[in-house]
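Novice: Sequence and predicted model, in that order:
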Amino acid sequence: MKQYLFDLLPPATVAAILTFWYFAPVAWVDTWWTITVVGLVALAFVQMMEWVHERHEGWRINRQEFLTDVFYVAFGITVIGWFADNFADSPIASAKEALGISTPWLASLPFLVQVALVMLLFEFGQYWMHRWMHNNSILWSTHAPHHHVTQLNAMKGYIGNPIELFLISLSVIALFEFDKAARFAAVNSLGAISYYAHANVRADPPKWFSFFFTTIRHHSLHHTALSFEDTRCNYGNCVILFDRMYGTFREGESSVVGQDERKRLSIREQFLFPILPWLERRRARMAK
């Protein structure tokens, strides 16, 4: 019974988020920090579930991992959020207004239809950006730090080089006039799915859920330490459906994750990773 209930946690969490935003008072929807609070509550819940029903003992989070993860969560919400808003979403919204693009009819669609559209639009871009990162050496240098994590935990989706974190946050949602509550519901739902997809929780959702959405099984295989080639599958951060559609889906799971002989990177190394080869060559020249 315990395992059955844990298997239902991912869809139940998404359902709870959708219910909250559907019934949320307008004042709550219009308050800028509500979406952040909902996301953090969901994240804290999934993190706590790791301590209740862990998937792999080797992924058990310690103090160093926990504090590093908390740093990246704060960094993602504040710094990356600011850059995404000021250098992506706001300029796109301004261009939309300047070009006279108007889609007010979207806000009249049923709530769940709007949520689904936002999720698919955002994840479609994420899928191709993520896939490109695994097939382009320059982009891979920004994404590789995320693959240097040697264990998966609820907050690990926030870890990475700042350039990659910015690129992976880009979307075209600002071009469309969805209802604000539906947009927030989609963002928080995608967040919850991502938390479970990175979490050390023994939860294997029903087949109907895992057909559409990414689970820890799918994503742990994407993070496998077996070889770089073995990571080139299951690119969907939250929507695995695109992998099924475009031939990059692979069934399976990996309990051993990491990159380059499973070398764990410090925060400094994560930030400097794209230019580390240049720094090493520079040090070698200076040492001569």
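Specialist: Nice, thanks for sending it over. Numbers count the residues shown, from 1 in each chain.
Novice: residues in contact with stretch 94-103?
Specialist: Ala174, Leu175, Phe176, Glu177 (Cβ atoms under 8 Å, 6 or more residues apart in numbering). Every C-beta, even on glycine, is put in place using the N, C-alpha and C of the backbone.
Novice: nearest to Phe249, of those?
Specialist: Nearest to Phe249 among the contacts of stretch 94-103: Phe176, at 27.7 Å, using Cβ to Cβ.
Novice: Quick check, pLDDT for the closest one.
Specialist: Reported pLDDT at Phe176 in the predicted model: 95.
Novice: That one and Leu121, how far apart?
Specialist: 7 Å (Cβ to Cβ, to the nearest Å).
Novice: List only buried entries from the contacts of stretch 94-103.
Specialist: Neighbour counting with 16 or more other Cβ atoms under 10 Å marks Ala174, Phe176 as buried within those.
Novice: Turn the contacts of stretch 94-103 into a markdown table, columns for distance to Lys156 and secondary structure.
Specialist: Formatted as a markdown table, the contacts of stretch 94-103 follow (distance: Cβ to Cβ, whole Å; DSSP: H, G, I helix; E, B strand; the rest coil):
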| residue | distance to Lys156 | secondary structure |
| --- | --- | --- |
| Ala174 | 27 | helix |
| Leu175 | 30 | helix |
| Phe176 | 30 | coil |
| Glu177 | 34 | coil |
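Novice: low pLDDT regions in the chain?
Specialist: Applying pLDDT under 70 to the chain picks out residues 288.
Novice: Next, count neighbours for the nearest residue to Ile77 once chain neighbours are set aside.
Specialist: Residue nearest to Ile77 in three dimensions, not counting chain neighbours: Thr36, with 6.3 Å by Cβ to Cβ, 6 or more residues apart in numbering. A count of nearby residues for Thr36, using other Cβ atoms under 10 Å, gives 15.
Novice: Alpha carbons of the host helix or strand of Thr36, as PDB, please.
Specialist: Using DSSP states H and E, Thr36 maps to helix 34-52. What follows is helix 34-52, C-alpha atoms only, in PDB (Å, rounded to 0.1, in the frame of the first residue of the first chain):
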ATOM      1  CA  THR A  34       2.500  33.500  -4.900                       C
ATOM      2  CA  ILE A  35       3.900  31.400  -7.800                       C
ATOM      3  CA  THR A  36       7.300  31.300  -6.100                       C
ATOM      4  CA  VAL A  37       5.700  30.200  -2.800                       C
ATOM      5  CA  VAL A  38       3.700  27.400  -4.500                       C
ATOM      6  CA  GLY A  39       6.800  26.200  -6.300                       C
ATOM      7  CA  LEU A  40       8.900  26.200  -3.100                       C
ATOM      8  CA  VAL A  41       6.200  24.400  -1.100                       C
ATOM      9  CA  ALA A  42       6.100  21.700  -3.900                       C
ATOM     10  CA  LEU A  43       9.900  21.500  -3.900                       C
ATOM     11  CA  ALA A  44      10.100  21.200  -0.100                       C
ATOM     12  CA  PHE A  45       7.500  18.400  -0.100                       C
ATOM     13  CA  VAL A  46       9.300  16.400  -2.800                       C
ATOM     14  CA  GLN A  47      12.600  16.900  -0.900                       C
ATOM     15  CA  MET A  48      11.000  15.600   2.300                       C
ATOM     16  CA  MET A  49       9.700  12.500   0.500                       C
ATOM     17  CA  GLU A  50      13.300  11.600  -0.200                       C
ATOM     18  CA  TRP A  51      13.800  11.200   3.600                       C
ATOM     19  CA  VAL A  52      10.600   9.100   3.900                       C
END
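Novice: Give the next helix or strand downstream of that helix.
Specialist: helix 63-75.
Novice: Counting neighbours, what do you get for Tyr127?
Specialist: 22.
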